[in-house]
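Undergrad: based on what follows, work out the 3D shape:
(2 chains)
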Amino acid sequence: MPARPVAKALPKRRGLFEGFKGNIAAISLGVKYLIDPKRFTLIYPNEYIKLDPGYRGFIVLEKKKCINCSSCARICPAAAMKMIKLPEPDPRHPGKTKIKLWPVINYQRCIFCGYCVDVCPTEALYHVPYHDIVYENLAEMDWDLETFTKPPDYPTASEGMPVKYIVDEERGLVKVKAQEGEQ
Amino acid sequence: MSVSVIGGPKRESDLKIPGTEVRKIEKDLYEVFIGPQHPGSGHMRIIIRVDGDVIVEADPDMGYVHRTMEKLGEIRQYIKNIPLFERMAIQDACNVTVPYVLALEKILDIEPPQRAKYLRSLLCEINRIAAHLYGFGIFGVFIGHSTMYMWAFADREVMVELAEKLTGARLTHSYPIPGGARRDMPQDFPQAARKAARYMRRRLEEYRKIFLDNPVMKARMEGVGYIPKKLAAELGVVGPVARASGIKYDARYNDPYDAYDEVDFEIPVFEEGDALARAWVKVEEIKQSLRIIEQAVDWLESHTSEAPIHDKFWAKSPPLWKKVFEKEGRVKLLPMMATMKIPPGKAFARGETARGEIVYYVESTGDSIPYRVRIVSPSARNAIVFKYVVPGHRVMDLPTIYGSIDYFPPEADR
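TA: Now for the predicted structure:
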């Protein structure tokens, strides 16, 4: 069933005391929320949000699965992913080395679109469900292969309490304590 | 120079407050520069000439956040343009990218599966509500109602949370891709969406009490920035601005795309054409968007889950692709997508964002990058209101008009 345009009208004026009633309605609503505020402030870093596993956070490489195909570097819209050449021993010719391509990521450029994770033919890349990592300088954000192969440290998790936001019919978003072991 | 305005600047040096430069151009006529340092929703400048408190001339000066979006589009592969074009209006990420994807699909001559259409429309409506609430918040704080600002931004968080559940990102979702969408709906999504819809309906009633029917706010909005139907048509304004002036125009109605020809919803049209009517159009549109969300969620729940992408990109994909989709609901992309060549052709597509109609023209020469991408964004078309509607109003009405047309510079300048 397609859309249909419907002519609507602004609410009509309702008598002499409209202004008075309107003011009373606005003030009483304000007082209602003054007494019972709908607050869901995150007390960061004492609390932190435990994100869903589908969240597009930092990207990490599983080196074992990587087939050095460069798909991730080719699809990266921000040119954050790059392939570097590393020599390694050639199994077929003992004593000789061969050059292999490995992806590295620059988090100064990454926009967390997740194209690389979706394009990886062996699922060697994955998102970790956290996003709030601080670096002391920009050079640290340019990861080398070793940093890229293990999940980054998440100090917030060791200091804070995990919470979750759930959608509630009455109060919009409600902050609840994330269950232990729950994903 | 002596100035005889009561309470006005006394000395020449008083007229040079940084950011608000005032210049006397002739007797009783002052030039006031509003902006360009972020007068509200982004960097733009409005040069107004005032006679006392009455604006006699207004000149919108756009282009402070121009990022050569169209030119950048010509040096990137097709799929990489999607995260780029999102940056025009990040609260409205899906709405601004869907028409681009539609244009690509027209050149590729593929039709996305029904499930992908519903998923895209679902996210489009979530984005529309979020963008309207963002506009509401800005509008509220413009006319001095900071409660509205806080409420709208807090309730927008509900919609952002829903979008995060669906796509994995709060704002820049990069959700639609040529041939479909990137993720299927998670299991717990329908329940959360229905709860959010019921919550939002109740909140709209409270918005009415504290903001729209509040006599203080109503006095500032009623009759301000009146755009008659004829003038609206002549200026070529789009979106809620046009619909508040009685023009029945909505890309979802005039040129249905995705799932919009299957869901049941209304296009609210008001005749009044003032700032209050433009605020009410947004409220009515949020109500209709909630209806679309509920219908889309019902449809998606009652139909079996299949990959929301065209067979061209799915039929020949390896078994791992299917395994990942079954486990995580994530549609993996084929590596060829990165440098996908699109056959020569031209396509034109339009869609309705929260602020109005957005138009894309994509021309391909058979290469992996587009020859030309032309974007006409709704805010660019609505900016003309400043020039023709603002004169005649008092200076204090300028924020009301600015807020009510929901002008968003990053989208207009692109």
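Undergrad: quick one, strands of chain A?
TA: Counting by DSSP state E, chain A has these strands, from start to end: A:4-8, A:47-49, A:59-61, A:81-89, A:97-105, A:125-127, A:161-168, A:172-177.
Undergrad: among those strands, which is the most enclosed?
TA: Among these, strand A:59-61 has the highest mean neighbour count (mean count of other Cβ atoms under 10 Å in any protein chain shown), at a mean of 22. Where you see a C-beta, it was placed from the backbone N, CA and C, and this is true even at glycine.
Undergrad: now do that one: which elements does it pack against?
TA: For strand A:59-61, the contact count by 3 or more Cβ pairs under 8 Å, 6 or more residues apart in numbering or on different chains; DSSP states H and E identifies strand A:125-127, helix A:145-148 as packing neighbours.
Undergrad: please name whichever of these is nearest to B:Val283.
TA: The minimum distance between B:Val283 and the helices and strands packed on strand A:59-61 falls on strand A:125-127, with 36.9 Å, by Cβ to Cβ.
Undergrad: and whichever helix in chain A runs longest, what does it pack against?
TA: If each helix of chain A is counted by residues according to DSSP state H, the longest one is helix A:18-35. Secondary-structure packing of helix A:18-35 (3+ Cβ pairs under 8 Å, 6+ apart): helix B:215-221.
Undergrad: quick check: buried residues in the helix or strand that the helix it packs on is followed by?
TA: Using DSSP states H and E, the next helix or strand after helix B:215-221 towards the C-terminus is helix B:229-235. By 16 or more other Cβ atoms under 10 Å in any protein chain shown, the buried positions in helix B:229-235 come out as B:232, B:235.
Undergrad: can you tell me what sits against the helix or strand following helix B:229-235?
TA: Elements were assigned by DSSP H and E; along the chain past helix B:229-235, the next helix or strand is helix B:240-244. The set of residues external to helix B:240-244 that reach it, using Cβ atoms under 8 Å, 6 or more residues apart in numbering or on different chains, is B:227, B:232, B:249-250, B:267-270, B:272-274, B:277-278, B:280-282, B:285, B:354-356, B:382, B:385, B:405-406.
Undergrad: mind doing that once more with 6 Å?
TA: Applying Cβ atoms under 6 Å, 6 or more residues apart in numbering or on different chains, the contact partners of helix B:240-244 are B:232, B:249, B:269-270, B:273, B:277-278, B:281-282, B:382, B:405.
Undergrad: excluding residues flanking it in the chain, which one is nearest A:Cys72?
TA: Setting aside the residues directly before and after it, A:Cys72 is nearest to A:Cys116 in space (Cβ to Cβ, 6 or more residues apart in numbering or on different chains), at 3.7 Å.
Undergrad: before we move on, back to that, need the helices and strands packed on strand A:59-61 in a markdown table (columns: distance to A:Leu61 and mean pLDDT).
TA: Putting the helices and strands packed on strand A:59-61 into a markdown table (distance: least, Cβ to Cβ, whole Å; pLDDT from 0 to 100) gives the following:
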| stretch | distance to A:Leu61 | mean pLDDT |
| --- | --- | --- |
| strand A:125-127 | 6 | 90 |
| helix A:145-148 | 5 | 88 |
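Undergrad: how about low-confidence regions in chain A?
TA: Low-confidence regions of chain A, defined by pLDDT under 70, span residues A:1, A:14, A:180-183.
Undergrad: circling back to that earlier point, so for B:Val373, which of the helices and strands packed on strand A:59-61 sits nearest?
TA: With Cβ to Cβ as the measure, strand A:125-127 is the member of those nearest B:Val373 (28.8 Å).
Undergrad: rewinding a little: mind listing what the residue nearest to A:Cys72 touches?
TA: Taking Cβ under 6 Å, 6+ apart, we find A:Cys116 in contact with A:72, A:76, A:81, A:125.
Undergrad: okay, now the spatially closest residue to B:Phe270 that is not a sequence neighbour: neighbour count?
TA: Counting by Cβ to Cβ, 6+ apart, B:Phe270 lies nearest to B:Ala277, which is 4.1 Å off, once chain neighbours are set aside. Neighbour count for B:Ala277, taken as other Cβ atoms under 10 Å in any protein chain shown: 28.
Undergrad: next, the buried residues of the helix or strand containing B:Ala277.
TA: Taking DSSP H and E as the definition, B:Ala277 sits inside helix B:275-302. Within helix B:275-302, the residues that qualify as buried are B:275-297, B:299-300, counting by 16+ other Cβ under 10 Å.
Undergrad: got the contact list for A:Thr149?
TA: Applying Cβ under 6 Å, 6+ apart, we find A:Thr149 in contact with A:61, A:63.
Undergrad: next, give phi and psi for the residue lying farthest from the centre of chain A.
TA: Distance from the C-alpha centroid of chain A peaks at A:Leu16, with 52.8 Å (Cα atoms, centre = their mean). Taking degrees, to the nearest 10, you get phi -70, psi -40 for the backbone angles of A:Leu16.
Undergrad: how about the residues of the stretch 51-200 of chain B by chain A?
TA: Within the stretch 51-200 of chain B, the residues that sit near chain A (Cβ under 6 Å from any Cβ of the partner chain) are B:80, B:83, B:157-158, B:161, B:168-169, B:174, B:192, B:195-196, B:198-199.
Undergrad: again, only using 7 Å
TA: Proximity of the stretch 51-200 of chain B to chain A (Cβ under 7 Å from any Cβ of the partner chain) is limited to residues B:76, B:79-80, B:83-84, B:147, B:154-155, B:157-158, B:161, B:165, B:168-169, B:172, B:174, B:182, B:186, B:192, B:195-196, B:198-199.
Undergrad: ok, now how distant is the residue nearest to B:Phe270 from B:Tyr407?
TA: When distances are taken as Cβ to Cβ, to the nearest Å, B:Ala277 and B:Tyr407 turn out to be 17 Å apart.
Undergrad: using TSV, lay out the strands of chain A together with distance to A:Tyr154.
TA: As requested, these are exported to TSV (distance: least, Cβ to Cβ, whole Å):
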stretch	distance to A:Tyr154
strand A:4-8	50
strand A:47-49	9
strand A:59-61	12
strand A:81-89	22
strand A:97-105	17
strand A:125-127	13
strand A:161-168	11
strand A:172-177	18
